[in-house]
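[1] Below are the sequence and a predicted model; questions follow.
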Amino acid sequence: AGGNSVDISGINTDSQELSLEDGELSIAGGNSVDISGINTDSQELSLEDGELSIAGGNSVDISGINTDSQELSLEEGELSIAGGNSIDISVINTDSQELSLEDGELSIAGGNSVDISGINTDSQELSLEDGELSIAGGNSVDISGINTDSQELSLEDGELSIAGGNSVDISGINTDSQELSLEDGELSIAGGNSVDISGINTDDQTLTEVLAAGSTAEGTIGIDAVQANVEATGLSLKGNENSGILVKGNEVAIGTLEVQPGAALAVRSTTGAFMPPLLTTAQRDAIANPQAGMMIYNTELNKFQGYAAGLGGDEALDQSFTERDNVNFLWNDGQTASQSFTAGADGLLSSVQFNMAMDIMAFQDVNATLEVLSGGDVIATSNALTFNNIGLEWKSFTFPAEATVESGEQYVLRITLNSGDVMIGFEEGGGYNGGSATLNGGGHANADFQFKTYVTPAASGWVNLN
């Protein structure tokens with residue numbers, strides 16, 4: 001203003017090149033200005049309502065410029081902005097920044113940090129479908145080309161490792177307390193998954209432990225043991241140092257690992273006893289095809305019993321006493337008369353006779369029963385006998401179940417009056433050496449009733465052993 005003008009339209013005012021060196025700003029083909037004293041780095045740019053300003057300087061309206069739609073592209077280390085310049089960042093390591101997370105603050109090495117404490121970083125759900133690994137609310141990665149099945153797990157000193165990956169210390173975890181259960185072919189572990197093993201043959205395992213000659217296996221049985229070795233050394237199950245079960249040939253030892261000479265079965269114990277089968281009479285008689293020598297304990301009779309094989313035969317007189325010098329009477333129901341005797345033969349006591357008559361003063365039929373006792377126990381009871389003869393006669397008591405008697409053993413014959421009055425032939429002076437008479441529980445020294453016993457030689461059957 002207030003001066004002249006110059007036409008510079010023919011001059012290229014855009015092609016001069018600015019250069020800055022050591023604070024000296026120069027323009028090609030022109031002068032230079034020292035700007036070293038000017039802080040060219042500390043101006044602050046601000047953008048408000050499309051107005052771009054520089055601190056301590058002017059402002060430019062850029063509201064008409066689309067400052068948001070430029071597209072960044074990176075190719076061979078050259079970062080470019082659409083419609084603008086590019087910068088070579090190939091020398092910058094864009095991959096080596098280290099991420100760290102502390103107290104919800106996510107930081108990148110040499111850069112800024114972001115507070116992600118308000119973001120739920122734990123609740124994303126991972127899913128894998130057709131080789132695509134996805135995170136809920138995020139992106140997905142195709143891992144179909146990665147072999148996710150071939151990693152090998154190893155556990156050493158409580159450290160669980162996966163081949164080609166990291167390791168986890170599980171020494172503090174109780175890995176032994178899970179409970180296995182098997183139901184309907186499903187094998188399950190407590191707090192874990194289950195596996196269907198119904199298709200697996202769990203019954204077909206074969207034991208192949210073979211007993212070597214001269215050895216005993218503790219806690220094992222050689223199912224496939226060579227027969228010759230078993231016959232030579234025996235098969236043993238060892239309990240403690242000197243006891244167990246030994247099977248050798250036809251001999252069995254229980255409670256010892258030594259065969260007992262001459263014994264097919266030997267049981268040794270200082271704390272227990274041998275117990276045969278405990279059977280009732282009905283259970284005993286239900287044994288199919290009993291064999292001579294079998295033994296049981298009859299729980300009804302409280303007797304040890306054995307099965308004896310006899311020849312059988314006809315009934316024969318065994319014991320008798322026929323002398324008489326008097327009679328004795330039973331007048332009241334329930335009164336008893338007893339005579340003891342010693343058997344002279346083994347067999348079944350088939351019948352017993354006493355010389356008896358009805359009391360002529362009563363003129364009432366007599367009814368009486370006979371019991372056979374051994375050691376105070378009743379071993380047989382006769383059928384009830386009724387008679388009304390006036391003179392003494394030998395009257396026979398028979399048994400629905402005959403008692404077994406053994407030669408040399410003493411037994412008692414006890415008559416019980418059920419009704420009527422009876423007199424029985426009696427010898428005051430006695431004379432029978434194998435027993436004596438008792439009337440109503442009272443003994444008669446050197447006195448005997450007249451009696452006879454008949455024994456049938458035993459056929460095969462169960463006999464009392466005590």
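    Alright, I've got the coordinates.

[2] wouldn't S407 be in contact with G344 here?
    Yes - counting by Cβ atoms under 8 Å, S407 touches G344, with 5.9 Å between them. C-beta coordinates here come from the backbone N, C-alpha and C atoms, glycine included.

[3] What is the neighbour count of E129?
    8 (other Cβ atoms under 10 Å).

[4] which residues does I143 contact?
    Shown in contact with I143 (Cβ atoms under 8 Å, 6 or more residues apart in numbering): L128, G131, E132, L133.

[5] Run through who's touching stretch 24-42.
    Applying Cβ under 8 Å, 6+ apart, the external contacts of stretch 24-42 come out as Q16, E17, L18, S19, L20, D22, G23, A55.

[6] ok, which stretches of the stretch 151-300 of the chain are helices?
    227-233, 281-285 (DSSP state H, counting those that start in this stretch).

[7] Which one of those has the poorest average confidence?
    Among these, helix 227-233 carries the lowest mean pLDDT, at a mean of 49.

[8] Let me see the mean pLDDT of the helix or strand hosting N355.
    N355 belongs to strand 347-358 when assigned by DSSP states H and E. Strand 347-358 comes out with an average pLDDT of 95.

[9] quick one on the thing from earlier: can you tell me which of the contacts of stretch 24-42 are in strands?
    Among those, DSSP state E puts L18, S19, L20 in strands.

[10] ok, and the most crowded of these?
    L20 (12 neighbours).

[11] tell me the pLDDT at that one?
    At L20, pLDDT is 76.

[12] Check S338 too.
    Value listed for S338 in the pLDDT field: 95.

[13] S181 too?
    At S181, pLDDT is 80.

[14] For it, give me its contacts.
    Residues in contact with S181 (Cβ under 8 Å, 6+ apart) are L187, S188, A190.

[15] Any of those residues buried? List them.
    With burial judged by 16 or more other Cβ atoms under 10 Å, the buried subset of the contacts of S181 is L187.

[16] Keep only those of the contacts of S181 that are in strands.
    L187, S188.

[17] from the contacts of S181, which is closest to G461?
    The closest of the contacts of S181 to G461 turns out to be L187 (Cβ to Cβ; 56.5 Å).

[18] and the closest one, bridged to which residues?
    Note on L187: beta-bridge partners L182, V195, judged by DSSP bridges.

[19] So G57 lies in a helix, does it not?
    No - using DSSP: H, G, I helix; E, B strand; the rest coil, the secondary structure at G57 is coil, not a helix.

[20] count of residues packed around it?
    9.

[21] Over to F321?
    Neighbourhood size, F321 [other Cβ under 10 Å]: 23.

[22] Would you agree it is in contact with F451?
    Yes - contact criterion Cβ under 8 Å: F321 and F451 qualify, at 5.9 Å.

[23] Now do the shared contacts for these two.
    Contacts common to F321 and F451, judged by Cβ under 8 Å, 6+ apart, are absent.

[24] pretty sure V195 contacts G185?
    No - if you go by Cβ under 8 Å, V195 and G185 don't touch, sitting 9.5 Å apart.

[25] if I look at L126, how far off is S171?
    27 Å (Cβ to Cβ, to the nearest Å).

[26] S127 too?
    Counting by Cβ to Cβ, the gap from S127 to S171 is 32 Å.

[27] Check G185 too.
    35 Å.

[28] same check, this time on N367
    Distance of N367 to S171, computed by Cβ to Cβ: 93 Å.

[29] Neighbour count: these two, which is higher?
    Comparing N367 with S171 by other Cβ under 10 Å, the one with more neighbours is N367, at 17 against 11.
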